[in-house]
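J.: Next one to model:
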Amino acid sequence: MLVRAYLRASTKEQDASRAKEDLQAFAGDRGLRIAGFYPENESGASLKRPELFRLLSDSQPGDILLIEQVDRLSRLNAEDWLKLKTELQARRVRVVALDLPTSWMLATNSDETTARMLEALNGMMLDMLAAIARKDYTDRRRRQQQGIEKLKAEGGYKGRKEDVERNEAIMRMLSNGDSWSHIVSATGCSRSTLSRLALRLKNNSK
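T.: Down below sits the predicted model:
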């Protein structure tokens with residue numbers, strides 16, 4: 001039984017590896033070895049998470065997928081959560097979350113009957129917490145949109161503040177002839193942002 005730790009943050013500005021020490025301590029207290037860490041910066045509301053599916057591909061039946069909180073695994077809608085849960089079940093991967101004490105027993109060896117009972121109980125708790133995480137996500141998005149609409153109505157919404165220092169560095173890299181792939185890898189910017197800055201640089205040089 002190997003442990004594979006999944007570390008997710010929603011944006012590139014957040015540190016996906018923030019919970020690494022807590023996960024290491026949890027595994028160490030139980031004499032477990034973490035076979036690998038899989039950090040990624042993607043939304044929990046999307047199934048497009050390469051590192052999560054690389055983790056599942058690397059896993060063997062009975063391995064543990066260790067997470068800090070259930071919402072690190074899922075803020076998915078009901079349909080996508082069912083797809084992910086089906087994948088987990090098909091690969092017989094055990095989900096253990098630090099914020100879900102009912103899952104902790106899955107990190108220990110037990111007889112088949114006890115293991116099946118624990119997996120059933122844990123599955124119900126996962127479903128509940130995944131639904132709560134999704135509701136929290138949709139509520140937060142709704143409140144953000146309401147705030148934006150209010151500011152727009154009052155004439156005070158200016159959009160997301162530009163990261164001037166980062167964008168100036170990107171334009172310098174463009175001027176130096178760095179490839180787009182290298183810039184995206186080095187700065188974490190999107191290609192749409194890069195395209196916009198390339199056009200700005202071109203206009204500035206006229």
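
J.: Show me what the helix or strand that contains Met117 is packed up against.
T.: Using DSSP states H and E, Met117 falls within helix 112-154. Other helices and strands packing on helix 112-154, by 3 or more CB pairs under 8 Å, 6 or more residues apart in numbering; DSSP states H and E, are helix 70-73, helix 78-90, strand 94-97. Backbone N, C-alpha and C define where each C-beta goes, glycine included.

J.: How far off centre is it?
T.: 14 Å (CA atoms, centre = their mean, to the nearest Å).

J.: On the C-terminal side of it, identify the next helix or strand.
T.: Counting by DSSP H and E, the element after helix 112-154 in chain order, helix or strand, is helix 164-175.

J.: same for that following helix, what does it pack against?
T.: Counting contacts by 3+ CB pairs under 8 Å, 6+ apart, helix 164-175 is packed against helix 180-187, helix 191-204.

J.: for the first one, which positions count as buried?
T.: Along helix 180-187, the positions that meet the burial threshold by neighbour count (16 or more other CB atoms under 10 Å) are Ile183, Thr187.

J.: Show me the contact partners of stretch 180-192.
T.: With contact meaning CB atoms under 8 Å, 6 or more residues apart in numbering, stretch 180-192 is reached by Lys12, Asn41, Arg166, Ala169, Ile170, Met173, Leu174, Asp178, Leu194, Leu197.

J.: ok and the least confident helix or strand in the chain by mean pLDDT relative to helix 78-90, angle-wise?
T.: Ranked by mean pLDDT, DSSP states H and E, the weakest helix or strand in the chain is helix 112-154, scoring a mean of 78. When axes from the mean of the first three to the mean of the last three CA atoms, to 10 degrees is applied, the directions of helix 112-154 and helix 78-90 differ by 150 degrees.
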